[in-house]
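Asks: Provide a 3D model corresponding to the input given below.
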Amino acid sequence: MEERIRVVVAGPGPGGPEPSAEVVARVLRDAGMEVVYTGLDQTPEQLAATVVQEDADALGVAVADAAHLTWLTRLVEVLAERGVEDVAVFAGGAVPEEDRPGLERVGRVFPPGTAPTEIADWLRGRLTSA
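Replies: Now for the predicted structure:
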């Protein structure tokens, strides 16, 4: 039996796009993945702890404010500090074009309008070819 992909999904800040994160969580669940949805107001440290506790394969974050680059960079640093370097990190949301290269250094960025099934397909390809 094939092992299911475990994904943590979050809308991290108080202004995070919770409905978008909920849609992605639902689509990934419907695609056969195990999904842990953390909701809003999660710090990088809290999300890293959830990733470790849940033994997640991937972490998806919905971003919506100007702090996304700093926040995601810190998240990846915290994951590395905890010895978690094999988790597929992805983000989605309204990211200005000039910020995309910085975010793509820490993970995959999906712009608004991306079909949630595209995210599921990317995760399967990324995690099953490893």
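Asks: Okay, now the sheet partners of the helix or strand residue 9 falls within, with direction.
Replies: Per DSSP states H and E: residue 9 is located in strand 6-10. When sheet partners are counted by DSSP bridges, strand 6-10 sits next to strand 34-37 (parallel), strand 58-63 (parallel).
Asks: I'd like to know how far residue 60 sits from residue 111.
Replies: 14 Å (Cβ to Cβ, to the nearest Å). All C-beta spots, glycine's among them, are computed from the backbone N, C-alpha and C.
Asks: who has more neighbours, the two?
Replies: Neighbour count, other Cβ atoms under 10 Å: between residue 60 and residue 111, residue 60 has more, with 26 against 11.
Asks: Go ahead and confirm the more buried one touches residue 90.
Replies: Yes: when contacts are counted by Cβ atoms under 8 Å, residue 60 is listed as touching residue 90 (5.0 Å).
Asks: overlap in contacts of those two?
Replies: Residues touching both residue 60 and residue 90 by Cβ atoms under 8 Å, 6 or more residues apart in numbering: residue 119.
Asks: among the strands paired with strand 6-10, which is the most enclosed?
Replies: Neighbour counts (mean count of other Cβ atoms under 10 Å) averaged over each of these peak at strand 58-63, with a mean of 26.
Asks: got a list of contacts for that one?
Replies: The contact list for strand 58-63 (Cβ under 8 Å, 6+ apart) reads 5-12, 16-18, 20-21, 24-25, 28, 47, 51, 71-72, 75, 79, 87-95, 119, 123, 126-127.
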